[in-house]
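Q: give me the fold of what follows.
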Amino acid sequence: MIGIGTVLLWGLWLGSLVGVVSLIVAMMRDRRSAKRQKMIACPASRPIGIRIPPPMQSDTNYGLHEQLHNRILMLLNHDQLIANQLIRNVQVANPDQSKQWVLEQVIADLERDRR
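A: Now for the predicted structure:
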């Protein structure tokens, strides 16, 4: 026969076990929530990338620009972020040059640096 003291001890043990489990579950929930909020607050460090906009009526070199841009991506193992940064840097350094010249300059720089 089980005494009242044994029953009370088992009850306390189970109660503390339930308390510990609920505490762990609450901590995991808070951790996931904080991670989710952090993801919302900080956008991905590597965005998907910016594609060349669709051709406009005045842009007759769109096909050539797309080919040059694809060549840059191929040289950079399809890293859109670095490609866009390189193009932007050359554009800032040479604001009076055409889009085609900028893309060709980026390609020339990449090929030169590979040697």
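Q: tell me the spacing between L75 and A26.
A: 51 Å (Cβ to Cβ, to the nearest Å). Any C-beta I mention is one placed from the backbone N, CA and C, and that applies to glycine too.
Q: quick one, what contacts D30?
A: By Cβ atoms under 8 Å, 6 or more residues apart in numbering, the contact list for D30 is empty.
Q: next, count neighbours for R115.
A: Counted by other Cβ atoms under 10 Å, the residues lying close to R115 total 4.
Q: where do the helices sit along this protein?
A: Per DSSP state H, the chain carries helices over the ranges 4-41, 62-75, 80-93, 99-114.
Q: buried residues in the last one?
A: In this case it means helix 99-114. Of all the residues in helix 99-114, those buried under the rule 16 or more other Cβ atoms under 10 Å are 99, 102-107, 110.
Q: contact partners of it?
A: The contact list for helix 99-114, computed with Cβ under 8 Å, 6+ apart, reads 61, 64-65, 68-69, 71-72, 75-76, 83, 86-87, 90-91, 94, 97.
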